[in-house]
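Engineer: give the three-dimensional model of this entry:
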Amino acid sequence: MSLKMGKTFDRCYNIRVPFLSGFYDIGVFFNKKSTFLLFSVNSSIKSDEAHGIKVNMFKNLESSKFCETFLQLHNYRKNTLDILNQFKSIKPEYFQDISFIFNETVTLSKIEVEEGRFLFDCLNIYGFTLNAYINEFVFILTERQNIVKKLGRKIVRTSGIQIATSQALHILNDFYIDSKSGKVGLEEKQPVEKIIRLEDVEED
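Structural biologist: As a prediction, this is how the structure comes out:
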């Protein structure tokens, strides 16, 4: 059965991601005049393997355990920029635990917002996997950079889709819990300043 998107979407970018013994075809539907986007997901995975696989979509990346644990996200607002949850980098302490599986940019247009100043209207797509479960976990982060030419403003919004087996979700949860306990540990290890009162200092 075909997916009917209506006039809200006028662009689609398709990605094929290997998973277990098959693959997932993921479509990113978006509009060239807005930041709104939506995913479609189709799989070739056999029914016996598909049991236990979970697909989650995130409009708010702050609700994703993967993003909270492994990624640094960027928020910024001023007159010409409105950025929410833009991917900045992988946290240095997790360089050995996750990897990029792709990093792609679709440029829709180059817009001159003022003389000599250009902005790119584009879609950035980042794919990540857990190194311990390379063929059982994928997180796709889609960043839509839309330019409102009349205002000379760039608006950035990011969504995500996660596909994982139950085993991969278990280790993701373990990483998440460990990252939380690590933060608590750091807070507890903060040095306590010692207060010295003048009356406690012995005179020579």
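Engineer: ok, residue 157 - how many residues close by?
Structural biologist: As a burial measure, residue 157 scores 20 neighbours (other Cβ atoms under 10 Å). C-beta here means a position set from N, CA and C on the backbone, and glycine is covered the same way.
Engineer: okay, it: pLDDT?
Structural biologist: Here the pLDDT value assigned to residue 157 is 95.
Engineer: state the distance from it to residue 61.
Structural biologist: Note on residue 157: its distance to residue 61, by Cβ to Cβ, to the nearest Å, is 10 Å.
Engineer: with residue 153 instead?
Structural biologist: In terms of Cβ to Cβ, residue 153 sits 21 Å off from residue 61.
Engineer: let me see the contact set for the closest residue to residue 112 other than its chain neighbours.
Structural biologist: With Cβ to Cβ, 6 or more residues apart in numbering as the criterion, residue 112 has its nearest non-adjacent residue at 5.4 Å, and that residue is residue 118. By Cβ atoms under 8 Å, 6 or more residues apart in numbering, the contact list for residue 118 reads 110, 111, 112.
Engineer: if we can go back for a sec, any common contacting residues for residue 157 and residue 61?
Structural biologist: Common neighbours of residue 157 and residue 61 (Cβ under 8 Å, 6+ apart) are residue 85.
Engineer: so where do the strands sit in this structure?
Structural biologist: 11-19, 22-30, 37-43, 54-58, 71-78, 81-90, 98-114, 117-130, 137-148, 153-164 (DSSP state E).
Engineer: so can I have JSON lines of those showing distance to residue 176?
Structural biologist: Below are those laid out as JSON lines (distance: least, Cβ to Cβ, whole Å):
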{"stretch": "strand 11-19", "distance to residue 176": "22"}
{"stretch": "strand 22-30", "distance to residue 176": "23"}
{"stretch": "strand 37-43", "distance to residue 176": "23"}
{"stretch": "strand 54-58", "distance to residue 176": "14"}
{"stretch": "strand 71-78", "distance to residue 176": "12"}
{"stretch": "strand 81-90", "distance to residue 176": "15"}
{"stretch": "strand 98-114", "distance to residue 176": "13"}
{"stretch": "strand 117-130", "distance to residue 176": "12"}
{"stretch": "strand 137-148", "distance to residue 176": "13"}
{"stretch": "strand 153-164", "distance to residue 176": "13"}
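Engineer: which of those strands sits closest to residue 173?
Structural biologist: strand 153-164 (10.4 Å; Cβ to Cβ).
Engineer: tell me the mean pLDDT for stretch 126-137?
Structural biologist: 96.
Engineer: could you tell me the end-to-end distance of it?
Structural biologist: 14 Å (Cα to Cα, to the nearest Å).
Engineer: identify the bridge partners of the nearest residue to residue 124 once chain neighbours are set aside.
Structural biologist: The shortest distance from residue 124 to any non-neighbouring residue, by Cβ to Cβ, 6+ apart, is to residue 143 (4.1 Å). For residue 143, the beta-bridge partners are residue 124, residue 158 (DSSP bridges).
Engineer: got a list of what residue 143 touches?
Structural biologist: 86, 87, 123, 124, 125, 126, 156, 157, 158.
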